[in-house]
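[1] Here is a sequence together with a model predicted from it:
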Amino acid sequence: MLQSVQGIVIRTMDHGEGNKIVRLFTPELGKVSVMARGAKKVKSKHAAVTQLFTYGDFVFFKQRGQMGSLNGAEIIEAHHALREDLHKSAYASYLTEMTDRMFGDDEGGHYFFEQLRAGLAAIEEGKDMQIVVHLYEMKMFGLAGYLPVTDSCVSCGGTDGIISFSPTLGGLLCMRCRHKDPSAIAVGEGAQKLLKLFPRMDMRRLGSVQVKEETKQQLKTCMRTYMDTHIGVHWKARGFIEQMEKYNI
């Protein structure tokens, strides 16, 4: 059956001497893999359109139970800047890695496709990459059924005196319940507001936000610890980001 879809390249794998297996994230079919024959060759018509982060129109033939075979493709947005800049590439790779690992074959949908597309565009446009990533991480928490409680205390349900975030208990804690998790992460008003906003925020509406470094550090600690506690995946791209942070690259 011949399929024609728009998609974003979220992963590529070499196959044989000249071929690539290309993993696409599409609004209609979710996550699909296709064989792009000859795509590794420099002069291949599929060389450019099968690069990571590329957003394009893809036509492929797929029989039931078999991998599709790419027939034709045209670039809509090449996202050259995401591959040419080390930092942008690292953060964009984290978005595509989360998409690839959190969705099974044929899973996805229009909403998540648009969130990924908007996230890649935001990084390329120079918006705060850390905020983009945290917003997308929150989408993944919701997908997995582990959305943290960020509009009240996770323990008593109160909305006053919120002072910390407990990855173990699954959300914000007020000063009366702080003793229930001695390892809870202290969060100021700025971090609390963003944690409350992230679950409801559409990536397509993200503006050029200005966030204090102290707030960003609190968010980073909360989101990474929560991800490690509840998702438990070793993210290669995030590991690279952490190395860049460690060595101030």
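    Ah, there it is. In this text, all values refer to a predicted model and were calculated from it rather than measured experimentally.
[2] so where do the strands sit in the protein?
    Along the chain, the segments classed as strands by DSSP state E run 2-15, 19-26, 30-36, 55-61, 68-77, 162-166, 171-174, 185-186.
[3] Throw these into TSV and include distance to residue 233 and mean neighbour count, thanks.
    C-beta here means a position set from N, CA and C on the backbone, and glycine is covered the same way. TSV is the format used below for those (distance: least, CB to CB, whole Å; neighbours: other CB atoms under 10 Å):
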stretch	distance to residue 233	mean neighbour count
strand 2-15	15	17
strand 19-26	17	23
strand 30-36	16	21
strand 55-61	25	19
strand 68-77	26	16
strand 162-166	20	23
strand 171-174	21	23
strand 185-186	20	14
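[4] Distance to residue 248 for these - can I get that in CSV?
    Below are these laid out as CSV (distance: least, CB to CB, whole Å):
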stretch, distance to residue 248
strand 2-15, 29
strand 19-26, 33
strand 30-36, 35
strand 55-61, 32
strand 68-77, 31
strand 162-166, 26
strand 171-174, 31
strand 185-186, 23
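[5] can you put the ones you listed in TSV and add distance to residue 137 and mean pLDDT?
    TSV is the format used below for those (distance: least, CB to CB, whole Å; pLDDT from 0 to 100):
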stretch	distance to residue 137	mean pLDDT
strand 2-15	16	97
strand 19-26	17	98
strand 30-36	18	97
strand 55-61	21	97
strand 68-77	23	97
strand 162-166	14	98
strand 171-174	15	98
strand 185-186	15	98
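[6] Apart from its chain neighbours, what residue comes closest to the residue nearest to the spatial centre of the chain?
    For the chain, residue 95 is the residue whose C-alpha lies nearest the centre (CA atoms, centre = their mean; 2.7 Å). Leaving aside its chain neighbours, residue 95 sits nearest to residue 119 (5.1 Å; criterion: CB to CB, 6 or more residues apart in numbering).
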